[in-house]
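Engineer: just coords:
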């Protein structure tokens, strides 16, 4: 997909680098959290569970990246392999889901970042919408399951 030169550059920049904002906010929040121990436990278990679940669904469902299907080049180079689920979307949404438990306002901001990263990855032609929606679902389900388990 090609848009204007400046739009292409903005899409590429956001798709490739905006996840760093989530990571920085996550690290800062983890460092400054009042209940740091609970935050770290939820973050570690949610991240591990989301990653494991992502690997399982990736093995069960193959969804080639858009450029592999259409032959139309993506806006930036990525490996030609299974795009399901999106790793960037899984990372940013797992961070957002974890922080939402402790701070809905900060979590909401991070969900917007996750949505922006995911949308630009679809616009760049490196993922299908299904890839990023599945990542969001995996992250949300993981956070709910882990939070429920840790409460018991």
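Structural biologist: Alright, I've got the coordinates. From a predicted model like this one, the values you see are computed outputs, not experimental measurements.
Engineer: next up, phi/psi of residue 67, please.
Structural biologist: phi -70, psi -20 (degrees, to the nearest 10).
Engineer: who touches the helix or strand hosting residue 138?
Structural biologist: Assigned by DSSP states H and E, residue 138 belongs to helix 129-151. For helix 129-151, contacts defined as Cβ atoms under 8 Å, 6 or more residues apart in numbering pick out 38, 41-42, 45-46, 49-50, 53-54, 57, 63, 83-87, 89-90, 93-94, 96-98, 100-101, 114, 118-119, 121-122. Every residue, glycine included, has its C-beta placed from N, CA and C.
Engineer: which of those residues count as buried?
Structural biologist: With burial judged by 16 or more other Cβ atoms under 10 Å, the buried subset of the contacts of helix 129-151 is 42, 45-46, 49-50, 53-54, 63, 83-87, 89-90, 93-94, 96-98, 100-101, 114, 118-119, 121-122.
Engineer: so which of those residues belong to helices?
Structural biologist: 42, 45-46, 49-50, 53-54, 87, 89-90, 93-94, 96-98, 100-101, 114, 118-119, 121-122 (DSSP state H).
Engineer: buried residues in stretch 3-22?
Structural biologist: In stretch 3-22, counting by 16+ other Cβ under 10 Å, buried: 8, 11, 12, 14, 15, 16, 18, 19, 21, 22.
Engineer: which of the helices and strands in this protein ranks last by mean pLDDT?
Structural biologist: Using mean pLDDT, DSSP states H and E, helix 66-70 stands out as the lowest-scoring helix or strand of the chain, at a mean of 92.
Engineer: contacts for it?
Structural biologist: With Cβ under 8 Å, 6+ apart as the criterion, helix 66-70 contacts 72, 73, 74, 80, 83, 125, 126, 127, 128.
Engineer: list the buried residues for that helix?
Structural biologist: Applying 16+ other Cβ under 10 Å to helix 66-70 flags 66, 67 as buried.
Engineer: what sits against the spatially most central residue of the chain?
Structural biologist: The chain has residue 89 as the residue nearest its centroid, 2.0 Å off, counting by Cα atoms, centre = their mean. Contact partners of residue 89, counting by Cβ under 8 Å, 6+ apart, are 114, 117, 118, 121, 127, 131, 132, 135, 136.
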